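Undergrad: Got a sequence here, can you model it:
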Amino acid sequence: MAISKKELDFNKNDDQMRLKIKHLERELEKIYLGGGKSKIEKHKAKGKLTARERIDGLLDKGTPRFEVGALAGYGMYKEHGGCPSGGVVVVIGYVSGKQCIVVANDATVKAGAWFPITGKKNLRAQEIAMENRLPIIYLVDSAGVYLPMQDEIFPDKEHFGRIFRNNAVMSAEGIPQIAAVMGSCVAGGAYLPIMSDESLIVNKTGTIFLAGSYLVKAAIGESIDNETLGGAHTHTEISGVCDYNAENDEECLAAIRDIMDKIGKKETAGFDKKESIAPKISAKEVYGILPQDRAKPYEIKDILDCIIDEGSFTEYKKSYGKTIVTGYARIDGWAVGIVANQRMISKTAKGEMQFGGVIYSDSADKAARFIMNCNQKNIPLVFIQDVSGFMVGSKSEHGGIIKDGAKMVNAMANSVVPKFTVVVGNSYGAGNYAMCGKAYDPRLIVAWPTAELAVMSGASAAKTLLQIEVASLKARGEEITPEREKELYDRIKNRYDEQISPYYAASRLWVDAIIDPKDTREVISIGIAAAEHKKAEKPYNVGVIQT
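TA: The predicted structure follows:
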């Protein structure tokens, strides 16, 4: 029996997606080794668990978890030997039945020293805790600021000191913070466990001091060893800095679980949840639905059928503004509002053609009103991005595309319900903004391996930059042959393609993770469960909107 073209395209898409996922898995396997096997062996020879082993020992077995920023620092700091995962592991998970966020320094990476991306990742973890009122647990094992890059981590507003400011703010807001000193905790970093609500320290391996023994000797001439200066017995029996003394990592983790077990419940956000129903289409079917060719159209509702609970979708304004699909649905039982880009070519009621992946005035207007409705009804928003930007040209400008785009951005930016963003394909220009890019505070933002984030596509950017470079070279009297022009184009496009890769975005924490598309449903569910811990702090108000 002959295979149809549709089946052939599906199989090709499926193959290409699986290759991308396999590449992602290989890169993550390397990242999970932190500083490498030899560093891990030295670390464990001290009687310590690795950062990931500590998290595994702390979290409830068999419960949902989501790692934030595993690819942070990917491909960065090569001249300094790299910084896998930013030198710190951050996971949203459950401890003693309570959802929380765990931050564990990886001492196999430069002794857990803080690179600039380490600071950014720690601040992202605290941001998640504050946005969702999640308890936060710090597993401390760090040599402090990475001195060769201190100017990029020490003095600015979003640098190292912001961590302690956030400690104080979270404490005042009643967000539980527990710190376990399981290794080094030095200099300014020594304030973190003490600014937490409760602190633990592991005997013989945990130390806390503003200055180590060598610096003390140099500064004031006192001779003292690190254990006597700031070890577990010192800080639990003499200084009173720490609250609990544990004999080893395992005992320390057990104590944290006991503390978490006693935390009482607080008021919830009141999001609607019913019994979870499996999607209409198996999650892995999504591999074959999304075309690898970005110029090819596809039906976004086919992708939604792999994510949302079967039979739960109620489409809003189905026949209007067709380049954005909006509607109410459920994901793992949670009620959500979906705002998704549609790459299918469609017609308006007037018979005018609309190109998929582009936001037109009617689409922006529809999305804005739907976002307002979700805020009115206390329904979390999920944005599915595959967007090339807003429509350009005289017809769109005369029709007020800027005004309608501003209306959508205003409605989205002022949302008081939690927002979650999944970048499945293109995320270009102002389309990234309108569809809740990182600048607009999504509670979680993740990308599929097929995502691209940039001002414009690689081909469009290369053509624009090529024109500028060719004009500059000609102005200097150089003759540009077709061969030379192609060489320039390829060089520009290759450089730009590297920057629009989802790995480039994930390394800089523009997205929280690159995920296997089949995990999209679980990630959103974890995010809404976290958001359920905190009610909106203010009523919904969009301010001034031009109509």
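Undergrad: Helices along the stretch 401-547 of the chain, start to end?
TA: 401-413, 429-434, 458-475, 482-500, 502-507, 520-531 (DSSP state H, counting those that start in this stretch).
Undergrad: To Ser196, which of these lies closest?
TA: Minimum separation from Ser196 across those (Cβ to Cβ) falls at helix 520-531, 19.7 Å. For every residue, glycine as well, the C-beta is placed using N, CA and C.
Undergrad: which residues are contacting that closest one?
TA: 64-66, 92, 99, 128, 131-132, 134, 269, 271, 279, 283, 286, 306-308, 331-334, 336, 380, 382, 418, 420, 422, 443-444, 446, 448, 513, 515 (Cβ atoms under 8 Å, 6 or more residues apart in numbering).
Undergrad: ok so, going back, just put the helices of the stretch 401-547 of the chain in a markdown table and tack on distance to Asn541.
TA: Putting these into a markdown table (distance: least, Cβ to Cβ, whole Å) gives the following:
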| stretch | distance to Asn541 |
| --- | --- |
| helix 401-413 | 10 |
| helix 429-434 | 19 |
| helix 458-475 | 37 |
| helix 482-500 | 35 |
| helix 502-507 | 31 |
| helix 520-531 | 20 |
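Undergrad: Poorly predicted segments of the stretch 401-547 of the chain, please.
TA: Within the stretch 401-547 of the chain, no range satisfies pLDDT under 70.
Undergrad: got a list of contacts for the lowest-mean-pLDDT helix or strand in the chain?
TA: In the chain, no helix or strand scores lower on mean pLDDT, DSSP states H and E than strand 353-354, which sits at a mean of 78. With Cβ under 8 Å, 6+ apart as the test, strand 353-354 has contacts from 322-323, 345-348, 360, 363.
Undergrad: what's the burial count for Arg165?
TA: 13 (other Cβ atoms under 10 Å).
Undergrad: Now name the helix or strand holding it.
TA: Arg165 is part of helix 161-172, with elements assigned from DSSP states H and E.
Undergrad: Give the next helix or strand downstream of that helix.
TA: With secondary structure assigned by DSSP H and E, helix 161-172 is succeeded by strand 177-186.
Undergrad: average pLDDT across stretch 371-385?
TA: Across stretch 371-385, pLDDT averages out at 98.
Undergrad: Can you point out the buried residues in it?
TA: 371-372, 374-375, 378-385 (16 or more other Cβ atoms under 10 Å).
Undergrad: all helices for the stretch 201-350 of the chain, in order.
TA: Applying DSSP H, counting those that start in this stretch to the stretch 201-350 of the chain gives helices spanning 213-220, 226-230, 232-233, 249-261, 286-289, 300-304.
Undergrad: If you count contacts, what does the fourth one end up packed against?
TA: In other words, helix 249-261. helix 51-58, strand 88-95, strand 98-105, strand 177-186, strand 198-202, strand 244-246 (3 or more Cβ pairs under 8 Å, 6 or more residues apart in numbering; DSSP states H and E).
Undergrad: Please identify the deepest-packed of these.
TA: strand 177-186 (a mean of 26; mean count of other Cβ atoms under 10 Å).
Undergrad: okay, the buried residues of stretch 371-385 in CSV with distance to Tyr428 next?
TA: Below are the buried residues of stretch 371-385 laid out as CSV (distance: Cβ to Cβ, whole Å):
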residue, distance to Tyr428
Ile371, 21
Met372, 25
Cys374, 25
Asn375, 26
Asn378, 32
Ile379, 27
Pro380, 25
Leu381, 21
Val382, 20
Phe383, 14
Ile384, 15
Gln385, 9
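Undergrad: The lengthiest helix in the chain: how far from the chain's middle?
TA: Looking across the chain with DSSP state H, the single longest helix is helix 5-31. Mean C-alpha position of helix 5-31 versus that of the full chain (Cα atoms, centre = their mean, to the nearest Å) differs by 21 Å.
Undergrad: Next: stretch 85-92.
TA: Chain-centre distance of stretch 85-92: 11 Å, with Cα atoms, centre = their mean.
Undergrad: pLDDT on that stretch, on average?
TA: 98.
Undergrad: Asp272 contacts Trp334, correct?
TA: Yes: the pair Asp272 / Trp334 is scored as a contact, 7.4 Å apart, by Cβ atoms under 8 Å.
Undergrad: Please narrow the buried residues of stretch 371-385 to those residing in strands.
TA: 381-385 (DSSP state E).
Undergrad: Now tabulate those in JSON lines and tack on distance to Ala70.
TA: Conversion of those to JSON lines gives the following (distance: Cβ to Cβ, whole Å):
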{"residue": "Leu381", "distance to Ala70": "25"}
{"residue": "Val382", "distance to Ala70": "22"}
{"residue": "Phe383", "distance to Ala70": "22"}
{"residue": "Ile384", "distance to Ala70": "22"}
{"residue": "Gln385", "distance to Ala70": "21"}
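Undergrad: What is the nearest of those to Gly429?
TA: Gln385 (11.8 Å).
Undergrad: Next up, the contacts around the closest one.
TA: Counting by Cβ under 8 Å, 6+ apart, Gln385 touches 341, 421-427, 431-432, 435-437, 451.
Undergrad: hmm, try it at 7 Å
TA: 341, 421-424, 427, 435 (Cβ atoms under 7 Å, 6 or more residues apart in numbering).
Undergrad: Out of those, which is nearest to Ser142?
TA: Closest to Ser142, out of all of these and judged by Cβ to Cβ, is Thr421, at 30.7 Å.
Undergrad: hang on, the closest one packs against Ala447?
TA: No: applying Cβ atoms under 7 Å, one finds Thr421 not in contact with Ala447, separated by 9.0 Å.
Undergrad: Good, wrapping up.
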